[in-house]
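S.K.: have a look at this fold, sequence not included:
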């Protein structure tokens, strides 16, 4: 008779309930015999051979926010308003299908169970829908701050979506929509896209409150983000004000979150990415709306955006997931690197919250069932998270 093995871990997450400290899994052959607190397993399975404890035993994590098509960029940690022109814009020639192919291989090699990828190139999106063996969502990125062209942009997007949905495959990526950010999509287009996504069952992601200057834009209509954004719009041959883009005058007390709520966008339950520079009221609104949140700790740190208020979101009952962002700002697409960074960047946070976010939170964002680590299920060495 084969001697059972007891795999011990500092944190065990079975996919059910909450992760536990000091847990383990007893495996006989390739079948799970039991999972739970270590003292109970040692008492009930004294014959089991116990291995040195691991950091984490859990179903594999999900990379809930990526930009695969930027994977040929070099990693450059710079302040936000230098990074955009010097890295994101300057490197546009490197962005596209080849980068996405390289990025997808990195995601696969990392062992991620799924991903949420933002895509701005049609050829890249079609390739991902047809070829990706990693499940999740490919979000088509939409940008248009001009209310006058909102209807035309929406109709073009809707026609593309109709064709692309025919490329969806079982076990592959689903199609989603990503209105780029609160201020880069007009109030009219935000409403149209949210209503359409809700009616069609399309998941959404929106970049929200990544940098402190976004809060200033909504409160005053001024600041570095407002200035750089309006300058870029002018270079494209259009004269717009912040009030014209958002459909109302900026005002103290107006935030990016309350703005989206007022438009009815949060009713579609989009995933809100970054959410670093929020108010307590923002956190309450997001939690009550049921919108998941994705944090990208390394990117936030490297672009000098601030630190995600994780504990406050957790206390409010919001669903938090974890993403790497692009290699240009996050360094790698390895979600295990992001988990380790999250633990270092949030030293006072219960590490069980980070593990749950990477697993359960990620699947809440991109879909898919969390496999359970329980008696009678098949054992997988993929449940042993890498130590380094």
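M.R.: Looks like it arrived, so ask away. Since we're looking at a predicted model, the values are computed, not measured.

S.K.: outline the domain layout of the protein.
M.R.: Residue ranges for the domains of the chain, per automatic domain parsing: 5-59+372-383, 63-366.

S.K.: just those domains: most buried one?
M.R.: Ranked by mean neighbour count, these are led by domain 63-366 with a mean of 20 (mean count of other C-beta atoms under 10 Å). Every C-beta, even on glycine, is put in place using the N, C-alpha and C of the backbone.

S.K.: average pLDDT for that domain?
M.R.: Computed over domain 63-366, the mean pLDDT rounds to 97.

S.K.: which residue ranges of the stretch 251-388 of the chain form helices?
M.R.: Taking DSSP state H, counting those that start in this stretch, the helices of the stretch 251-388 of the chain run over residues 256-263, 280-289, 297-302, 310-316, 327-330, 335-345, 351-356, 362-366.

S.K.: check which helices and strands the strand or helix carrying residue 99 is in contact with.
M.R.: Using DSSP states H and E, the element containing residue 99 is helix 97-110. Applying 3 or more C-beta pairs under 8 Å, 6 or more residues apart in numbering; DSSP states H and E, we find helix 97-110 packed against strand 63-66, strand 115-119, helix 122-131.

S.K.: and the nearest residue to residue 187 once chain neighbours are set aside, how far from residue 183?
M.R.: With sequence-adjacent residues excluded and distances taken as C-beta to C-beta, 6 or more residues apart in numbering, residue 187 is closest to residue 247, at 3.4 Å. Residue 247 sits 12 Å away from residue 183, going by C-beta to C-beta, to the nearest Å.

S.K.: export the helices and strands packed on helix 97-110 to CSV and tack on distance to residue 143?
M.R.: What follows is the helices and strands packed on helix 97-110, written out as CSV (distance: least, C-beta to C-beta, whole Å):
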stretch, distance to residue 143
strand 63-66, 17
strand 115-119, 11
helix 122-131, 14
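
S.K.: residue 275: which of those is closest?
M.R.: strand 63-66 (11.3 Å; C-beta to C-beta).

S.K.: gap between the very next helix or strand once past the closest one and the chain center?
M.R.: As assigned by DSSP H and E, the chain's next helix or strand after strand 63-66 is helix 80-83. Mean-position distance between helix 80-83 and its chain equals 21 Å (C-alpha atoms, centre = their mean, to the nearest Å).

S.K.: touching helix 80-83 from outside, list them.
M.R.: Contact with helix 80-83 is made by 76-77, 210-211, 213, 224, 228, 303-305, 328-329, as judged by C-beta atoms under 8 Å, 6 or more residues apart in numbering.

S.K.: one more pass at 10 Å, please.
M.R.: 76-77, 89-90, 210-213, 224-225, 227-228, 299-300, 302-306, 328-329 (C-beta atoms under 10 Å, 6 or more residues apart in numbering).

S.K.: how near is the residue nearest to residue 187 to residue 16?
M.R.: Distance from residue 247 to residue 16, by C-beta to C-beta: 44 Å.

S.K.: ok so residue 141 is a strand residue?
M.R.: Yes: under DSSP: H, G, I helix; E, B strand; the rest coil, residue 141 sits within a strand.

S.K.: I figured it hits residue 160, correct?
M.R.: No: judged on C-beta atoms under 10 Å, residue 141 makes no contact with residue 160 at a distance of 11.7 Å.

S.K.: overlap in contacts of those two?
M.R.: Common neighbours of residue 141 and residue 160 (C-beta under 10 Å, 6+ apart) are residue 125.

S.K.: next one: residue 305 from residue 156, what distance?
M.R.: 32 Å.

S.K.: and residue 359, by the same measure?
M.R.: Residue 359 is 37 Å from residue 156, by C-beta to C-beta.
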